[in-house]
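Engineer: no sequence for this one, just the structure:
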(Lines give C-alpha, C1' and ligand atoms only; values in the text may rest on other atoms or scores of the structure.)
Protein backbone atom coordinates (compact mmCIF):
# COMPACT_ATOMS: atom_id res chain seq x y z
CA UNK A 1 0.00 0.00 0.00
CA UNK A 2 1.16 3.50 -0.78
CA UNK A 3 1.64 5.47 2.46
CA UNK A 4 -0.80 8.35 2.78
CA UNK A 5 0.99 11.66 3.30
CA UNK A 6 -1.53 14.35 2.26
CA UNK A 7 -5.14 15.35 2.92
CA UNK A 8 -7.69 15.14 0.15
CA UNK A 9 -7.71 18.66 -1.39
CA UNK A 10 -11.39 19.23 -0.54
CA UNK A 11 -10.83 17.96 2.99
CA UNK A 12 -7.84 20.27 3.36
CA UNK A 13 -9.86 23.33 2.28
CA UNK A 14 -12.67 22.62 4.76
CA UNK A 15 -10.18 21.74 7.52
CA UNK A 16 -8.34 25.07 7.14
CA UNK A 17 -11.68 26.90 7.20
CA UNK A 18 -12.43 25.10 10.46
CA UNK A 19 -9.09 26.11 11.99
CA UNK A 20 -9.70 29.75 11.08
CA UNK A 21 -13.17 29.70 12.63
CA UNK A 22 -11.74 27.99 15.70
CA UNK A 23 -9.18 30.78 16.12
CA UNK A 24 -12.09 33.25 16.05
CA UNK A 25 -13.98 31.32 18.73
CA UNK A 26 -16.69 30.19 16.30
CA UNK A 27 -16.87 26.60 17.52
CA UNK A 28 -20.23 25.71 15.97
CA UNK A 29 -19.24 26.98 12.52
CA UNK A 30 -15.83 25.32 12.84
CA UNK A 31 -17.52 21.96 13.53
CA UNK A 32 -19.57 22.31 10.33
CA UNK A 33 -16.39 22.80 8.32
CA UNK A 34 -14.68 19.83 10.01
CA UNK A 35 -17.70 17.65 9.25
CA UNK A 36 -17.47 18.64 5.58
CA UNK A 37 -13.76 17.75 5.62
CA UNK A 38 -14.55 14.34 7.14
CA UNK A 39 -16.82 13.50 4.19
CA UNK A 40 -13.66 13.40 2.07
CA UNK A 41 -11.04 12.24 4.58
CA UNK A 42 -11.31 10.49 7.99
CA UNK A 43 -7.81 11.58 8.95
CA UNK A 44 -6.90 11.48 12.66
CA UNK A 45 -6.00 15.18 12.74
CA UNK A 46 -9.43 16.22 11.48
CA UNK A 47 -11.18 13.77 13.79
CA UNK A 48 -9.30 15.11 16.82
CA UNK A 49 -9.95 18.75 15.90
CA UNK A 50 -13.67 18.04 15.52
CA UNK A 51 -13.71 16.05 18.78
CA UNK A 52 -12.00 18.91 20.63
CA UNK A 53 -14.72 21.32 19.54
CA UNK A 54 -17.46 18.83 20.38
CA UNK A 55 -16.01 18.64 23.91
CA UNK A 56 -15.96 22.44 24.16
CA UNK A 57 -19.59 22.59 23.03
CA UNK A 58 -20.43 19.74 25.46
CA UNK A 59 -21.42 17.21 22.81
CA UNK A 60 -19.49 14.45 24.57
CA UNK A 61 -21.12 11.53 22.72
CA UNK A 62 -19.95 12.81 19.33
CA UNK A 63 -16.50 13.58 20.75
CA UNK A 64 -16.21 10.01 22.06
CA UNK A 65 -17.31 8.57 18.74
CA UNK A 66 -14.55 10.41 16.89
CA UNK A 67 -11.85 9.78 19.50
CA UNK A 68 -12.59 6.05 19.54
CA UNK A 69 -12.24 6.09 15.77
CA UNK A 70 -8.81 7.70 16.21
CA UNK A 71 -7.80 4.93 18.64
CA UNK A 72 -8.81 2.26 16.11
CA UNK A 73 -6.44 3.87 13.66
CA UNK A 74 -3.69 4.45 16.25
CA UNK A 75 -4.00 2.40 19.49
CA UNK A 76 -0.72 3.88 20.81
CA UNK A 77 -2.06 7.45 20.94
CA UNK A 78 -1.88 7.92 24.72
CA UNK A 79 -3.03 11.54 24.68
CA UNK A 80 -6.25 10.64 22.87
CA UNK A 81 -6.81 7.65 25.13
CA UNK A 82 -6.43 9.85 28.20
CA UNK A 83 -9.06 12.23 26.83
CA UNK A 84 -11.34 9.23 26.29
CA UNK A 85 -10.68 8.13 29.88
CA UNK A 86 -11.61 11.59 31.19
CA UNK A 87 -14.84 11.53 29.20
CA UNK A 88 -15.76 8.14 30.63
CA UNK A 89 -14.83 9.37 34.11
CA UNK A 90 -17.30 12.22 33.69
CA UNK A 91 -19.94 9.59 32.89
CA UNK A 92 -18.77 7.51 35.89
CA UNK A 93 -18.37 4.63 33.44
CA UNK A 94 -15.54 3.02 35.41
CA UNK A 95 -15.58 -0.25 33.47
CA UNK A 96 -14.60 1.57 30.27
CA UNK A 97 -12.11 3.69 32.21
CA UNK A 98 -10.56 0.47 33.47
CA UNK A 99 -10.35 -1.00 29.96
CA UNK A 100 -8.60 2.06 28.51
CA UNK A 101 -6.21 2.38 31.45
CA UNK A 102 -5.26 -1.27 31.01
CA UNK A 103 -4.57 -0.52 27.35
CA UNK A 104 -2.29 2.37 28.34
CA UNK A 105 -0.47 0.33 31.00
CA UNK A 106 -0.03 -2.50 28.50
CA UNK A 107 1.86 -0.07 26.27
CA UNK A 108 3.58 1.87 29.08
CA UNK A 109 4.43 -0.83 31.62
CA UNK A 110 7.09 1.20 33.39
CA UNK A 111 5.21 4.45 33.89
CA UNK A 112 3.99 4.63 37.53
CA UNK A 113 1.52 7.44 36.81
CA UNK A 114 -0.67 5.16 34.68
CA UNK A 115 -0.33 2.26 37.11
CA UNK A 116 -1.46 4.42 40.03
CA UNK A 117 -4.55 5.50 38.10
CA UNK A 118 -5.31 1.91 37.15
CA UNK A 119 -5.00 0.79 40.78
CA UNK A 120 -7.42 3.52 41.85
CA UNK A 121 -9.95 2.39 39.25
CA UNK A 122 -9.58 -1.29 40.23
CA UNK A 123 -10.39 -0.24 43.80
CA UNK A 124 -13.41 1.77 42.64
CA UNK A 125 -14.60 -1.27 40.69
CA UNK A 126 -14.11 -3.54 43.74
CA UNK A 127 -11.42 -5.56 41.95
CA UNK A 128 -9.14 -5.84 44.97
CA UNK A 129 -7.02 -8.73 43.68
CA UNK A 130 -6.24 -6.85 40.48
CA UNK A 131 -5.37 -3.72 42.50
CA UNK A 132 -3.01 -5.69 44.75
CA UNK A 133 -1.40 -7.47 41.79
CA UNK A 134 -0.73 -4.18 39.97
CA UNK A 135 0.55 -2.60 43.20
CA UNK A 136 3.01 -5.46 43.73
CA UNK A 137 4.14 -5.25 40.11
CA UNK A 138 4.68 -1.53 40.36
CA UNK A 139 6.61 -1.65 43.64
CA UNK A 140 8.86 -4.52 42.53
CA UNK A 141 9.33 -3.74 38.83
CA UNK A 142 8.79 -0.01 38.26
CA UNK A 143 9.63 2.28 41.16
CA UNK A 144 10.15 2.56 44.88
CA UNK A 145 9.75 6.31 45.07
CA UNK A 146 8.35 7.09 48.55
CA UNK A 147 5.86 9.47 46.92
CA UNK A 148 4.35 6.46 45.13
CA UNK A 149 3.93 4.67 48.48
CA UNK A 150 2.08 7.74 49.78
CA UNK A 151 -0.31 7.68 46.82
CA UNK A 152 -0.91 3.93 47.05
CA UNK A 153 -1.64 4.00 50.78
CA UNK A 154 -3.97 6.96 50.33
CA UNK A 155 -5.89 5.18 47.57
CA UNK A 156 -6.32 1.94 49.56
CA UNK A 157 -7.22 3.89 52.71
CA UNK A 158 -9.87 5.95 50.90
CA UNK A 159 -11.42 2.71 49.70
CA UNK A 160 -11.20 1.10 53.18
CA UNK A 161 -8.79 -1.60 52.02
CA UNK A 162 -5.97 -0.94 54.52
CA UNK A 163 -5.85 -4.55 55.78
CA UNK A 164 -5.35 -5.98 52.30
CA UNK A 165 -2.52 -3.55 51.56
CA UNK A 166 -0.96 -4.27 54.96
CA UNK A 167 -0.87 -7.98 54.04
CA UNK A 168 0.87 -7.10 50.78
CA UNK A 169 3.51 -5.04 52.62
CA UNK A 170 4.00 -7.95 55.01
CA UNK A 171 4.55 -10.24 52.01
CA UNK A 172 7.04 -7.78 50.49
CA UNK A 173 8.92 -7.41 53.80
CA UNK A 174 9.35 -11.18 53.97
CA UNK A 175 10.50 -11.26 50.36
CA UNK A 176 12.79 -8.20 50.64
CA UNK A 177 13.77 -7.95 54.35
CA UNK A 178 16.40 -5.26 53.75
CA UNK A 179 14.04 -2.87 51.97
CA UNK A 180 13.02 -0.13 54.39
CA UNK A 181 10.35 1.24 52.07
CA UNK A 182 7.98 -1.63 52.84
CA UNK A 183 8.17 -0.66 56.53
CA UNK A 184 7.54 2.91 55.41
CA UNK A 185 4.40 1.78 53.59
CA UNK A 186 3.16 -0.03 56.71
CA UNK A 187 3.94 3.04 58.82
CA UNK A 188 1.82 5.17 56.49
CA UNK A 189 -1.12 2.80 56.99
CA UNK A 190 -0.65 3.09 60.77
CA UNK A 191 -0.40 6.86 60.44
CA UNK A 192 -3.63 7.16 58.43
CA UNK A 193 -5.45 5.06 61.03
CA UNK A 194 -4.15 6.97 64.05
CA UNK A 195 -2.05 4.02 65.29
CA UNK A 196 0.72 6.32 66.49
CA UNK A 197 2.87 3.85 68.43
CA UNK A 198 2.87 1.36 65.54
CA UNK A 199 3.58 4.15 63.07
CA UNK A 200 6.57 5.34 65.11
CA UNK A 201 7.92 1.78 65.35
CA UNK A 202 7.63 1.20 61.60
CA UNK A 203 9.08 4.60 60.65
CA UNK A 204 12.04 3.84 62.92
CA UNK A 205 12.52 0.44 61.25
CA UNK A 206 12.29 2.01 57.80
CA UNK A 207 14.96 4.60 58.66
CA UNK A 208 17.22 2.01 60.25
CA UNK A 209 17.29 0.16 56.91
CA UNK A 210 17.28 3.23 54.67
CA UNK A 211 18.46 6.62 55.96
CA UNK A 212 17.61 8.23 52.63
CA UNK A 213 13.88 8.00 53.44
CA UNK A 214 13.49 11.72 54.12
CA UNK A 215 9.69 11.53 54.08
CA UNK A 216 9.75 8.93 56.86
CA UNK A 217 12.13 11.14 58.85
CA UNK A 218 9.88 14.17 58.31
CA UNK A 219 6.71 12.37 59.42
CA UNK A 220 8.43 10.74 62.40
CA UNK A 221 10.02 13.98 63.58
CA UNK A 222 6.61 15.70 63.50
CA UNK A 223 5.17 12.90 65.63
CA UNK A 224 7.96 13.27 68.19
CA UNK A 225 7.59 17.07 68.20
CA UNK A 226 3.81 16.92 68.73
CA UNK A 227 4.49 14.59 71.67
CA UNK A 228 7.03 17.03 73.12
CA UNK A 229 9.98 14.69 72.44
CA UNK A 230 12.24 17.32 70.90
CA UNK A 231 15.46 15.39 71.45
CA UNK A 232 14.02 12.35 69.68
CA UNK A 233 13.05 14.52 66.71
CA UNK A 234 16.52 16.05 66.59
CA UNK A 235 18.21 12.65 66.82
CA UNK A 236 16.74 11.76 63.43
CA UNK A 237 18.75 14.55 61.80
CA UNK A 238 21.94 14.09 63.80
CA UNK A 239 24.14 12.07 61.45
CA UNK A 240 22.62 12.67 58.04
CA UNK A 241 23.80 14.66 55.07
CA UNK A 242 21.06 17.13 54.17
CA UNK A 243 20.71 16.65 50.42
CA UNK A 244 17.05 17.21 49.56
CA UNK A 245 14.30 19.70 50.19
CA UNK A 246 12.33 17.50 52.60
CA UNK A 247 15.32 16.97 54.88
CA UNK A 248 16.26 20.65 54.58
CA UNK A 249 12.79 21.75 55.75
CA UNK A 250 12.83 19.15 58.53
CA UNK A 251 16.25 20.29 59.70
CA UNK A 252 15.14 23.94 59.70
CA UNK A 253 12.03 22.99 61.71
CA UNK A 254 14.20 21.27 64.31
CA UNK A 255 16.37 24.37 64.62
CA UNK A 256 13.33 26.63 64.96
CA UNK A 257 11.93 24.38 67.71
CA UNK A 258 15.23 24.66 69.58
CA UNK A 259 14.86 28.45 69.31
CA UNK A 260 11.28 28.31 70.60
CA UNK A 261 12.36 26.13 73.52
CA UNK A 262 15.20 28.51 74.43
CA UNK A 263 17.88 25.97 73.52
CA UNK A 264 19.87 28.51 71.58
CA UNK A 265 23.25 26.77 71.50
CA UNK A 266 21.72 23.66 69.98
CA UNK A 267 19.81 25.80 67.48
CA UNK A 268 23.06 27.51 66.52
CA UNK A 269 24.70 24.13 65.81
CA UNK A 270 21.79 23.10 63.58
CA UNK A 271 21.98 26.25 61.44
CA UNK A 272 25.79 26.24 61.27
CA UNK A 273 25.57 22.71 59.85
CA UNK A 274 23.00 23.86 57.29
CA UNK A 275 25.31 26.63 56.07
CA UNK A 276 27.65 23.92 54.73
CA UNK A 277 25.32 22.84 51.89
CA UNK A 278 22.61 25.51 51.96
CA UNK A 279 24.72 28.66 52.24
CA UNK A 280 22.56 30.39 49.61
CA UNK A 281 19.33 29.99 51.61
CA UNK A 282 18.64 33.28 53.39
CA UNK A 283 16.50 31.66 56.13
CA UNK A 284 19.47 29.56 57.30
CA UNK A 285 21.50 32.72 57.94
CA UNK A 286 18.50 34.52 59.42
CA UNK A 287 17.80 31.79 61.99
CA UNK A 288 21.52 31.46 62.72
CA UNK A 289 21.50 35.20 63.49
CA UNK A 290 18.49 34.77 65.80
CA UNK A 291 20.29 31.99 67.70
CA UNK A 292 23.47 34.03 68.01
CA UNK A 293 21.55 37.13 69.10
CA UNK A 294 19.78 35.06 71.77
CA UNK A 295 23.20 33.87 72.97
CA UNK A 296 24.33 37.53 73.10
CA UNK A 297 26.85 36.83 70.36
CA UNK A 298 25.78 40.01 68.59
CA UNK A 299 28.92 40.52 66.54
CA UNK A 300 28.40 37.10 64.94
CA UNK A 301 24.66 37.74 64.65
CA UNK A 302 25.34 40.95 62.69
CA UNK A 303 27.36 38.97 60.12
CA UNK A 304 24.62 36.34 59.81
CA UNK A 305 21.83 38.89 59.36
CA UNK A 306 23.93 40.79 56.80
CA UNK A 307 24.44 37.54 54.87
CA UNK A 308 20.66 36.89 54.97
CA UNK A 309 20.03 40.40 53.62
CA UNK A 310 22.59 39.96 50.83
CA UNK A 311 20.72 36.80 49.72
CA UNK A 312 17.23 38.29 50.01
CA UNK A 313 17.08 42.05 50.64
CA UNK A 314 13.27 42.17 50.60
CA UNK A 315 12.61 40.39 53.91
CA UNK A 316 12.02 42.85 56.75
CA UNK A 317 12.75 40.43 59.61
CA UNK A 318 16.43 40.24 58.61
CA UNK A 319 16.68 44.03 58.98
CA UNK A 320 14.85 43.82 62.31
CA UNK A 321 17.34 41.24 63.58
CA UNK A 322 20.33 43.22 62.28
CA UNK A 323 19.18 46.50 63.83
CA UNK A 324 18.51 44.81 67.19
CA UNK A 325 22.00 43.29 67.32
CA UNK A 326 23.58 46.60 66.31
CA UNK A 327 21.62 48.31 69.09
CA UNK A 328 22.82 45.64 71.55
CA UNK A 329 26.38 46.52 70.50
CA UNK A 330 25.69 50.20 71.15
CA UNK A 331 25.70 51.04 67.44
CA UNK A 332 22.37 52.82 67.44
CA UNK A 333 23.13 55.23 64.60
CA UNK A 334 24.23 52.37 62.36
CA UNK A 335 21.08 50.44 63.29
CA UNK A 336 18.91 53.38 62.25
CA UNK A 337 20.78 53.69 58.94
CA UNK A 338 20.04 50.01 58.19
CA UNK A 339 16.36 50.46 58.97
CA UNK A 340 16.24 53.59 56.81
CA UNK A 341 17.75 51.53 53.99
CA UNK A 342 14.70 49.26 54.11
CA UNK A 343 12.25 52.14 54.59
CA UNK A 344 13.35 53.60 51.24
CA UNK A 345 11.72 50.53 49.66
CA UNK A 346 8.75 50.28 52.00
CA UNK A 347 8.20 53.55 53.93
CA UNK A 348 5.03 52.33 55.67
CA UNK A 349 6.38 49.04 57.01
CA UNK A 350 5.15 49.14 60.62
CA UNK A 351 7.57 46.45 61.80
CA UNK A 352 10.57 48.48 60.65
CA UNK A 353 9.04 51.72 61.94
CA UNK A 354 8.46 50.10 65.36
CA UNK A 355 12.10 49.09 65.61
CA UNK A 356 13.29 52.53 64.55
CA UNK A 357 11.01 54.22 67.10
CA UNK A 358 12.23 51.87 69.84
CA UNK A 359 15.89 52.64 69.09
CA UNK A 360 15.22 56.40 69.08
CA UNK A 361 13.28 55.90 72.33
CA UNK A 362 16.31 54.11 73.87
CA UNK A 363 18.51 57.04 72.71
CA UNK A 364 16.09 59.38 74.55
CA UNK A 365 15.15 61.11 71.31
CA UNK A 366 11.62 61.35 72.58
CA UNK A 367 10.16 63.69 69.95
CA UNK A 368 11.46 61.69 67.00
CA UNK A 369 10.33 58.41 68.58
CA UNK A 370 6.88 59.84 69.41
CA UNK A 371 6.43 61.08 65.86
CA UNK A 372 7.09 57.58 64.49
CA UNK A 373 4.85 55.88 67.06
CA UNK A 374 2.02 58.22 66.04
CA UNK A 375 2.67 57.45 62.38
CA UNK A 376 2.45 53.71 63.10
CA UNK A 377 -0.87 54.16 64.90
CA UNK A 378 -2.20 56.16 61.94
CA UNK A 379 -1.31 53.24 59.66
CA UNK A 380 -2.47 50.57 62.11
CA UNK A 381 -4.54 51.81 65.09
CA UNK A 382 -4.50 48.31 66.63
CA UNK A 383 -0.73 47.85 66.49
CA UNK A 384 -0.29 46.68 70.06
CA UNK A 385 3.51 46.85 70.02
CA UNK A 386 3.39 50.57 69.17
CA UNK A 387 0.60 51.13 71.71
CA UNK A 388 2.67 49.45 74.41
CA UNK A 389 5.98 51.12 73.59
CA UNK A 390 4.49 54.59 73.15
CA UNK A 391 2.57 54.23 76.42
CA UNK A 392 5.74 53.12 78.22
CA UNK A 393 7.72 56.02 76.73
CA UNK A 394 5.12 58.53 77.95
CA UNK A 395 5.40 57.01 81.43
CA UNK A 396 9.19 57.31 81.33
CA UNK A 397 9.11 61.01 80.44
CA UNK A 398 6.15 61.71 82.76
CA UNK A 399 4.04 62.70 79.79
CA UNK A 400 0.28 62.29 79.50
CA UNK A 401 -0.10 59.35 81.92
CA UNK A 402 -3.85 58.96 81.33
CA UNK A 403 -3.21 58.60 77.60
CA UNK A 404 -0.30 56.26 78.39
CA UNK A 405 -2.58 54.07 80.52
CA UNK A 406 -5.23 54.00 77.79
CA UNK A 407 -2.65 52.80 75.26
CA UNK A 408 -1.07 50.32 77.65
CA UNK A 409 -4.41 48.74 78.55
CA UNK A 410 -5.42 48.60 74.89
CA UNK A 411 -2.15 46.82 74.02
CA UNK A 412 -2.75 44.38 76.88
CA UNK A 413 -6.27 43.63 75.62
CA UNK A 414 -4.71 42.14 72.47
CA UNK A 415 -2.21 39.98 74.38
CA UNK A 416 -3.22 39.66 78.06
CA UNK A 417 -0.36 37.32 79.01
CA UNK A 418 2.47 39.37 77.49
CA UNK A 419 4.96 40.10 80.28
CA UNK A 420 6.18 43.36 78.67
CA UNK A 421 2.63 44.66 78.30
CA UNK A 422 1.81 43.75 81.90
CA UNK A 423 4.95 45.55 83.00
CA UNK A 424 4.02 48.68 81.03
CA UNK A 425 0.57 48.95 82.61
CA UNK A 426 2.05 48.26 86.04
CA UNK A 427 4.74 50.90 85.56
CA UNK A 428 2.19 53.51 84.46
CA UNK A 429 0.21 52.80 87.65
CA UNK A 430 3.48 53.22 89.58
CA UNK A 431 3.97 56.61 87.95
CA UNK A 432 0.36 57.53 88.83
CA UNK A 433 1.11 56.62 92.47
CA UNK A 434 -1.23 53.62 92.57
CA UNK A 435 1.31 51.20 94.06
CA UNK A 436 -1.10 48.38 94.87
CA UNK A 437 -2.37 48.23 91.30
CA UNK A 438 1.21 48.52 90.01
CA UNK A 439 2.29 45.59 92.18
CA UNK A 440 -0.58 43.43 90.89
CA UNK A 441 0.44 43.82 87.24
CA UNK A 442 4.21 43.64 87.68
CA UNK A 443 4.04 40.62 90.00
CA UNK A 444 2.07 38.85 87.26
CA UNK A 445 4.65 39.93 84.67
CA UNK A 446 7.53 38.62 86.83
CA UNK A 447 5.95 35.15 86.94
CA UNK A 448 5.97 34.79 83.15
CA UNK A 449 8.63 32.68 81.47
CA UNK A 450 11.46 34.85 80.18
CA UNK A 451 10.60 37.87 82.35
CA UNK A 452 13.22 40.56 81.72
CA UNK A 453 15.67 42.27 84.05
CA UNK A 454 13.63 45.49 83.74
CA UNK A 455 10.50 43.76 85.09
CA UNK A 456 12.34 42.66 88.25
CA UNK A 457 13.90 46.11 88.62
CA UNK A 458 10.41 47.63 88.50
CA UNK A 459 9.19 45.04 91.00
CA UNK A 460 12.00 46.02 93.37
CA UNK A 461 11.16 49.71 92.93
CA UNK A 462 7.53 49.08 93.92
CA UNK A 463 8.49 47.04 96.98
CA UNK A 464 10.96 49.75 97.99
CA UNK A 465 8.26 52.43 97.74
CA UNK A 466 5.96 50.18 99.81
CA UNK A 467 8.65 49.93 102.48
CA UNK A 468 9.30 46.23 101.91
CA UNK A 469 13.10 46.41 101.62
CA UNK A 470 13.61 42.66 101.89
CA UNK A 471 11.43 41.90 98.86
CA UNK A 472 12.93 44.88 97.03
CA UNK A 473 16.41 43.45 97.53
CA UNK A 474 15.34 40.02 96.25
CA UNK A 475 13.77 41.51 93.14
CA UNK A 476 16.79 43.70 92.34
CA UNK A 477 19.15 40.75 92.83
CA UNK A 478 17.01 38.73 90.42
CA UNK A 479 17.26 41.61 87.92
CA UNK A 480 21.08 41.48 88.19
CA UNK A 481 21.13 37.71 87.73
CA UNK A 482 19.43 38.25 84.37
CA UNK A 483 21.52 41.27 83.33
CA UNK A 484 24.64 41.87 85.36
CA UNK A 485 25.41 45.06 83.40
CA UNK A 486 22.47 46.95 84.93
CA UNK A 487 24.35 49.68 86.82
CA UNK A 488 21.13 51.34 87.99
CA UNK A 489 20.12 48.24 89.92
CA UNK A 490 23.60 47.95 91.42
CA UNK A 491 23.29 51.49 92.74
CA UNK A 492 19.87 50.74 94.23
CA UNK A 493 21.21 47.67 96.04
CA UNK A 494 24.20 49.65 97.32
CA UNK A 495 21.87 52.37 98.62
CA UNK A 496 19.69 49.74 100.31
CA UNK A 497 22.77 48.13 101.93
CA UNK A 498 23.79 51.49 103.42
CA UNK A 499 20.38 51.84 105.02
CA UNK A 500 20.78 48.67 107.06
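Structural biologist: Thanks, I have it. All values reported here derive from a predicted model rather than from experimental measurement. Numbers count the residues shown, from 1 in each chain.
Engineer: C-alpha from now on. contacts and neighbour counts both.
Structural biologist: Fine.
Engineer: roughly how far out does stretch 143-155 sit from the chain middle?
Structural biologist: Between the centre of stretch 143-155 and the centre of its host chain there is 22 Å, according to CA atoms, centre = their mean, to the nearest Å.
Engineer: hmm, who's touching that stretch?
Structural biologist: Applying CA atoms under 8 Å, 6 or more residues apart in numbering, the contact partners of stretch 143-155 are 112, 116, 120, 123, 135, 162, 165, 181, 185, 188-189, 213, 215.
Engineer: Give me the buried positions along it.
Structural biologist: Neighbour-count burial for stretch 143-155, counted by 16 or more other CA atoms under 10 Å, picks out 146, 148, 149, 152, 153, 154, 155.
Engineer: List just the nearest of those to residue 404.
Structural biologist: Residue 404 lies nearest to residue 154 out of the buried residues of stretch 143-155, by CA to CA, at 56.8 Å.
Engineer: nearest to residue 286, of the contacts of stretch 143-155?
Structural biologist: Within the contacts of stretch 143-155, proximity to residue 286 (CA to CA) peaks at residue 215, which comes in at 25.2 Å.
Engineer: For the closest residue to the closest one other than its chain neighbours, what is the enclosing helix or strand?
Structural biologist: Using CA to CA, 6 or more residues apart in numbering and skipping residues adjacent in sequence, the residue nearest residue 215 is residue 246, 6.7 Å away. Assigned by DSSP states H and E, residue 246 belongs to helix 245-260.
Engineer: That helix packs against which elements?
Structural biologist: helix 214-226, helix 230-235, helix 264-277, helix 282-294 (3 or more CA pairs under 8 Å, 6 or more residues apart in numbering; DSSP states H and E).
Engineer: Just read off the phi/psi values of residue 483.
Structural biologist: Note on residue 483: backbone dihedrals following degrees, to the nearest 10 are phi -140, psi 100.
Engineer: I'd like the numbering to begin with 671 instead of 1 from here.
Structural biologist: Renumbered: residue one is now 671, and that last one reads residue 1153.
Engineer: Please verify my assumption that it contacts residue 1123.
Structural biologist: Yes - using CA atoms under 8 Å, residue 1153 makes contact with residue 1123 at a distance of 6.0 Å.
Engineer: and those two? which has more neighbours close in?
Structural biologist: The residue with more neighbours, out of residue 1153 and residue 1123, is residue 1123; 22 against 14, by other CA atoms under 10 Å.
Engineer: Residue 1159: what's it in contact with?
Structural biologist: With contacts defined as CA under 8 Å, 6+ apart, residue 1159 is in contact with 1127, 1146, 1149, 1150.
Engineer: same thing with residue 910?
Structural biologist: residue 881.
Engineer: and it, helix, strand or coil?
Structural biologist: Recorded secondary structure, residue 910: coil (DSSP: H, G, I helix; E, B strand; the rest coil).
Engineer: Read off the pLDDT value for it.
Structural biologist: At residue 910, the pLDDT value in this model is 70.
Engineer: Which strands or helices does the helix or strand where residue 1063 lies pack on?
Structural biologist: Using DSSP H and E, residue 1063 sits in helix 1054-1066. Packed against helix 1054-1066 by the contact rule (3+ CA pairs under 8 Å, 6+ apart) you find helix 1020-1032, helix 1036-1049, helix 1071-1084, helix 1089-1102.
Engineer: which residue is nearest the middle of the chain?
Structural biologist: residue 919 (8.7 Å; CA atoms, centre = their mean).
Engineer: Which one of the helices and strands packed on helix 915-930 has the poorest average confidence?
Structural biologist: helix 900-905 (a mean of 85).
Engineer: Show me what counts as buried in it.
Structural biologist: With burial defined by 16+ other CA under 10 Å, the residues of helix 900-905 counted as buried are 900, 903, 904.
Engineer: how far does it sit from the chain's center?
Structural biologist: Put simply, helix 900-905 sits 20 Å off its chain's centre (CA atoms, centre = their mean).
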